[in-house]
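Q: Sequence below, structure please.
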Amino acid sequence: MSGRTSLKEAFRQQVNNLYFDGKLTISHKAVLMALATFLGPKGLYPSHEAIAKACNRSERTVIRALERAYELGLVVRTRRMVVQGGKKVRTSNLYRLIVTASEQARVAGKHMARAIWQDLNHLTDRMSDKVTKNISSLGFGRRYPEPQPPKRSRNELLAEIASWQT
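A: Numbers count the residues shown, from 1 in each chain. So this is what the prediction gives:
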């Protein structure tokens, strides 16, 4: 298995685990799974539009899912710039998938610190509330509902599956 393939598989496994732990929504999961498919030999730099098309979601949903991934330390973003006509112009972001727990904690901490201190002079009540919610989502409180167990027993589910074959 190549390095990129094992990185994709490890990342996708983490995304699945976080989804089943209730820390990601189904849309977040779809966006992050689609993001991993863009990993190539030259890196990972799809546009929001390309990710949205790949997972059949809106660009706004892609942005929210990526923001959640930054909060959890799953993804690091580097803004790419090029010089055109003497001016710096933004291009697509360069993303890096994070799969080790220690690096995820470090990246999530950096993201949170940047969010808190970046515009301290312009911190509104609304932004302050958002930071508080983000901190609580790191494990001090649930931001997403807990997954519920199935309403039918195992034997009832097996009987229904067996009935499909007849």
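
Q: Spatially central, which residue of this protein would that be?
A: With distances taken as CA atoms, centre = their mean, the residue of the chain nearest its centroid is Ala69 (3.1 Å).

Q: so how many other residues sit close to Lys8?
A: Residues within reach of Lys8, counting by other CB atoms under 10 Å, total 21. C-beta coordinates here come from the backbone N, C-alpha and C atoms, glycine included.

Q: Give me the nearest residue to it, chain neighbours excluded.
A: Nearest non-adjacent residue to Lys8, counting by CB to CB, 6 or more residues apart in numbering: Ala36, 4.8 Å away.

Q: The one you found touches Ala10, doesn't it?
A: No: contact criterion CB atoms under 8 Å: Ala36 and Ala10 do not qualify, at 9.7 Å.

Q: more neighbours, those two?
A: Of the pair Ala36 and Ala10, Ala36 is the one with more neighbours under other CB under 10 Å, namely 19 against 15.

Q: Run through who's touching stretch 79-86.
A: Here stretch 79-86 makes contact (CB atoms under 8 Å, 6 or more residues apart in numbering) with Tyr45, Lys88, Val89, Arg90, Thr91, Ser92, Asn93, Leu94.

Q: phi, psi of the fourth one?
A: Right, Arg90. Dihedral pair for Arg90: phi -70, psi 140, per degrees, to the nearest 10.

Q: Would you map the helices across this structure?
A: Ranges of helices in the chain, per DSSP state H, are 3-20, 26-37, 48-55, 59-72, 101-117, 125-135, 154-164.

Q: Just send those back as CSV, with mean pLDDT and distance to Gln84 too.
A: CSV is the format used below for the helices of the chain (pLDDT from 0 to 100; distance: least, CB to CB, whole Å):
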stretch, mean pLDDT, distance to Gln84
helix 3-20, 87, 31
helix 26-37, 94, 27
helix 48-55, 95, 20
helix 59-72, 93, 23
helix 101-117, 76, 27
helix 125-135, 59, 33
helix 154-164, 82, 58
